[in-house]
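Participant: need a 3D model of the sequence below.
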Amino acid sequence: MQLFTLAAPAAVAVILAIAAFRRVDIISEFSAGAMEGLKAFYELLPMLLLVVTAVSMLYSSGALNALSQLTEPLLSRLGYPSETVPLALIRPVSGSGALAVYENILTVTDPDSFAGRAATVLMGSTETTLYTIAVYFSATRLKAEARVFISSFTADIAGFVFSALTVRLFY
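Facilitator: You can find the predicted model right below:
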């Protein structure tokens, strides 16, 4: 038996031992934590539904593919695969939507092609920034400032640019 297989049960045992030593009512603490989690989910649900609906409409309407075809001449001159444009646009908004676009890219193109590899690097090196911002600021009830969006979009653009450059350099 490996050490890693014992790590989680050992952590649980230590937590239970500390709770018993301190005479903490574990059931009531667990219930309070679960109730707090459900309350947070209930408050975030409208924002999550909005994001999922917007992404579904954008993807289903064909707008992402149209934008990809529109930018193809410029991107091909710069050496970037136009097939990754829908992924670069949807990734900041939705992880599951980006996964569907990524799967489509790998179905249409060869996974070992430049576009397939660039999409793989893009998928692995970027984050669902708008989704994260929406959830975080909705949960904390703070207003997102412009600098949050500017830095997030800068990181997304850098992820798009450097995904293709990384593939060019290393493959």
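
Participant: OK, contacts around the residue at minimal distance from the centre of the chain?
Facilitator: The residue lying closest to the centre of the chain (C-alpha atoms, centre = their mean) is Thr128, at 3.4 Å. Thr128 makes contacts with 91-95, 98, as judged by C-beta atoms under 8 Å, 6 or more residues apart in numbering. C-beta: built from backbone N, CA, C; applies to glycine.

Participant: repeat that for 10 Å
Facilitator: 51, 90-98, 134-135, 156 (C-beta atoms under 10 Å, 6 or more residues apart in numbering).

Participant: for Val93, see how far away it is.
Facilitator: Taking C-beta to C-beta, to the nearest Å as the criterion, Thr128 is separated from Val93 by 7 Å.

Participant: name the residues contacting each of the two.
Facilitator: Between them, Thr128 and Val93 share the contacting residues 51, 134, judged by C-beta under 10 Å, 6+ apart.

Participant: now the contacts of Thr128 as JSON lines including neighbour count and pLDDT?
Facilitator: Listed next are those as JSON lines, based on neighbours: other C-beta atoms under 10 Å; pLDDT from 0 to 100:
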{"residue": "Val51", "neighbour count": "18", "pLDDT": "71"}
{"residue": "Ile90", "neighbour count": "22", "pLDDT": "84"}
{"residue": "Arg91", "neighbour count": "28", "pLDDT": "89"}
{"residue": "Pro92", "neighbour count": "23", "pLDDT": "86"}
{"residue": "Val93", "neighbour count": "19", "pLDDT": "82"}
{"residue": "Ser94", "neighbour count": "21", "pLDDT": "79"}
{"residue": "Gly95", "neighbour count": "16", "pLDDT": "83"}
{"residue": "Ser96", "neighbour count": "13", "pLDDT": "78"}
{"residue": "Gly97", "neighbour count": "24", "pLDDT": "80"}
{"residue": "Ala98", "neighbour count": "25", "pLDDT": "86"}
{"residue": "Ala134", "neighbour count": "18", "pLDDT": "79"}
{"residue": "Val135", "neighbour count": "16", "pLDDT": "78"}
{"residue": "Asp156", "neighbour count": "20", "pLDDT": "89"}
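
Participant: those in helices, which ones?
Facilitator: 51, 90, 95-98, 134-135, 156 (DSSP state H).
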